[in-house]
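Novice: after the sequence you'll find the predicted model.
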Amino acid sequence: MKHTLLATTALVAMTGAAAAEITISGTARVGMVTTEGAAAVTAVTANAAAVAADDTLLDAIAAVATNLDSVTGAVIAAGTLNTTAVTADELVRLDAIRAIVLRQSTEGATAAIRTAATTDLASVDAMRARIVAPITAGSAKASDTTVGKNRVRIAFAGSGETDGGLTYGFSARADHSNTSTGGSQYISGAFGKISMGDLNGGDEQLVGNLSGVGSSGAGSHQEFGYQSSSHNVGYSISMAGVSFAATTDLVRGADATKTGSNSAIGIKWSGDMGGSTVGIALGQSKIGTVTEDSMSASASMGGLSIMVVSHSNDNGPVVAAVTAARSAASGTADVFGSAVNNTADTDTTGLSLSYAMDAMSVTAFTRTESTSGVADKDYSGVGFTYNMGGATLKAGFVDANDISIMDFGVNFSF
């Protein structure tokens, strides 16, 4: 069957003026996704266990805090946080210490005492958050679900060129299911390309993701969690097979990062090696205090395409608590120390393979997330597509960390 492209092209050209072009295209899909029900989760009602460092720090803080509490003269006896499960009574004691330290941070006799108490207040809050946060609610076994998946997207694109040779343009889309729109604008020249709008970070632009399966992505578990995905200003340039991209997010709402770093960069080389197209990319983003590093390698020859991606986030080293101590000198701030930092780094690696044979292609991927102290999470999938000319039949099966997902449907392009 002959495929007809439903696109509108508007050309505006005048003598001595530059030309501009606008195109309209669309995509749609219909299908269904079946997801295996999750196993029951046992509720965790007791507070999490404390570590020895918590005991040492809290007792030292209590000794310093009660001796400096000139308002009430309260005395909190030394105690031991239960290493199996922190009890409600022990949390009451911790909160009593916090109340004294909070008062000292605003009513302390000297500026040094107030500053030290402010530091200690953060330590107590961090300790409490660590031993309370793991509390989880239980859940019953979830049944298997089958849902319909359908969507229509209309895409708009425009491009033009100034009399001076600068290229400019935009891309935007409208979805049938809501009133949101997504789009970006750019201007480019010999200096490179400047973009604004809904952009991926510079690292994601060049490092990329694995190939996915299914009509609607089967959960999109082939994708990596780039923290720079909401950047809205970018610069890129390519020359001699090397591409470079840098992005940031100008504050535009409550979700934007307002403190710390907020940048992402990527660099990629691609070229021909023995008849194969090869690419190697490196990326890094710094959002707030978290750094993410990523890299990828890709190769394609004939109908075979291979992609390898590695991604890691650096939350800083695990830090033991600094023991608090009372100063012997009058009017000198006590050492309040700091709480432990047990936030572990996460490393994610993945591989995808695709092979195209005329109208049919087959794709498989695997991805593993490894976090210190936590069981690895594994995701893998396999799927096929068959191009019928304008309409493509797609099916995929994914094992999402022991949860099965089946995704089947037909995708259209206009």
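Specialist: That came through fine.
Novice: do you know how far residue 359 is from residue 55?
Specialist: Using C-beta to C-beta, to the nearest Å, residue 359 is found at 67 Å from residue 55. (Each C-beta comes from the backbone N, C-alpha and C, glycine too.)
Novice: comparing those two, which residue is more hemmed in?
Specialist: Taking neighbours as other C-beta atoms under 10 Å, residue 359 and residue 55 compare with residue 55 leading, 17 against 12.
Novice: which residues does that one contact?
Specialist: By C-beta atoms under 8 Å, 6 or more residues apart in numbering, residue 55 lies in contact with 80-81.
Novice: tell me the SS of the closest residue to residue 399 other than its chain neighbours?
Specialist: Once flanking residues are discounted, residue 399 sits nearest to residue 380: 5.1 Å by C-beta to C-beta, 6 or more residues apart in numbering. State at residue 380, reduced to three classes by DSSP: H, G, I helix; E, B strand; the rest coil: strand.
Novice: quick check: residue 380 touching residue 367?
Specialist: Yes. Judged on C-beta atoms under 8 Å, residue 380 makes contact with residue 367 at a distance of 7.3 Å.
Novice: those two: which has the busier surroundings?
Specialist: Per other C-beta under 10 Å, whichever of residue 380 and residue 367 has more neighbours is residue 367, with 23 against 19.
Novice: so what's the residue count around residue 30?
Specialist: The burial count for residue 30: 15, using other C-beta under 10 Å.
Novice: with only the CA atoms kept, save stretch 27-36 in CSV.
Specialist: Output of stretch 27-36 as CSV, limited to C-alpha atoms (Å, rounded to 0.1, in the frame of the first residue of the first chain):
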residue,chain,number,x,y,z
THR,A,27,2.4,9.8,15.2
ALA,A,28,-0.2,7.5,16.9
ARG,A,29,-0.4,4.1,18.6
VAL,A,30,-2.9,1.6,19.8
GLY,A,31,-2.1,-1.4,21.9
MET,A,32,-2.1,-3.0,25.3
VAL,A,33,0.3,-3.7,28.2
THR,A,34,0.0,-6.5,30.7
THR,A,35,1.9,-6.2,34.0
GLU,A,36,2.5,-9.0,36.4
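Novice: quick one: mean pLDDT for it?
Specialist: For stretch 27-36, mean pLDDT is 92.
Novice: run the chain-centre distance for it.
Specialist: Relative to the chain's own centre, stretch 27-36 is displaced by 25 Å; criterion: C-alpha atoms, centre = their mean, to the nearest Å.
Novice: again with stretch 379-390
Specialist: 26 Å.
Novice: list the buried residues of it.
Specialist: 379-383, 385 (16 or more other C-beta atoms under 10 Å).
Novice: and if you look at stretch 356-374?
Specialist: For stretch 356-374, burial by neighbour count (16+ other C-beta under 10 Å) applies to 356, 361, 363-367, 369-370.
Novice: which among these gets closest to residue 261?
Specialist: residue 369 (23.7 Å; C-beta to C-beta).
Novice: could you pull out the strands for the stretch 101-250 of the chain?
Specialist: 145-161, 167-175, 181-189, 192-197, 233-239, 242-248 (DSSP state E, counting those that start in this stretch).
Novice: partner residues bridging the residue nearest to residue 399?
Specialist: residue 366, residue 399 (DSSP bridges).
Novice: from residue 131, how far out is it?
Specialist: For residue 380, the distance to residue 131 - C-beta to C-beta - is 36 Å.
Novice: residue 304 now?
Specialist: Distance from residue 304 to residue 131, by C-beta to C-beta: 51 Å.
Novice: between these two, which is the more surrounded one?
Specialist: Legend: neighbour count by other C-beta under 10 Å for residue 304 and residue 131, higher for residue 131 (21 against 12).
Novice: who's in contact with the residue nearest to residue 399?
Specialist: 364-367, 398-399.
Novice: which residues of the stretch 301-414 of the chain score low on pLDDT?
Specialist: In the predicted model of the stretch 301-414 of the chain, residues 315-343, 373 satisfy pLDDT under 70.
Novice: what of the stretch 1-150 of the chain?
Specialist: For the stretch 1-150 of the chain (pLDDT under 70), the answer is 1-19, 39, 42-49, 66-78, 133-138.
Novice: at 80 instead, please
Specialist: 1-20, 37-60, 62-93, 108-109, 126-142 (pLDDT under 80).
Novice: could you pull out the helices for it?
Specialist: 52-68, 88-107, 111-132 (DSSP state H, counting those that start in this stretch).
Novice: got JSON lines for those helices, with distance to residue 298 too?
Specialist: Formatted as JSON lines, the helices of the stretch 1-150 of the chain follow (distance: least, C-beta to C-beta, whole Å):
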{"stretch": "helix 52-68", "distance to residue 298": "45"}
{"stretch": "helix 88-107", "distance to residue 298": "52"}
{"stretch": "helix 111-132", "distance to residue 298": "41"}
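Novice: so which of those helices is the most surrounded?
Specialist: Stretch with highest mean neighbour count among these: helix 52-68 (a mean of 21; mean count of other C-beta atoms under 10 Å).
Novice: from the chain's centre, how far out does that helix sit?
Specialist: Using C-alpha atoms, centre = their mean, the offset of helix 52-68 from its chain centre is 37 Å.
Novice: and the angle from it to helix 111-132?
Specialist: For helix 52-68 against helix 111-132, the angle by axes from the mean of the first three to the mean of the last three C-alpha atoms, to 10 degrees is 140 degrees.
Novice: how about residue 104, nearest residue that isn't a chain neighbour?
Specialist: That would be residue 117: by C-beta to C-beta, 6+ apart, it lies 3.8 Å from residue 104.
Novice: my bad, should have said residue 38
Specialist: residue 142 (4.5 Å).
Novice: could I get the full set of strands for the stretch 251-400 of the chain?
Specialist: Going by DSSP E, counting those that start in this stretch, the stretch 251-400 of the chain shows strands at 261-273, 276-288, 290-301, 304-314, 346-357, 360-371, 374-387, 391-400.
Novice: what residues of the fifth one count as buried?
Specialist: Judged by neighbour count using 16+ other C-beta under 10 Å, the buried positions of strand 346-357 are 346-348, 350-354, 356.
Novice: do the same with the first one
Specialist: Counting neighbours by 16+ other C-beta under 10 Å, one finds that the buried residues in strand 261-273 are 262-268.
Novice: go on, the fourth one?
Specialist: Within strand 304-314, the residues that count as buried by 16+ other C-beta under 10 Å are 305-307, 309, 311, 313.
Novice: which strands or helices does it pack on?
Specialist: Using 3 or more C-beta pairs under 8 Å, 6 or more residues apart in numbering; DSSP states H and E, the elements in contact with strand 304-314 are strand 290-301, strand 346-357.
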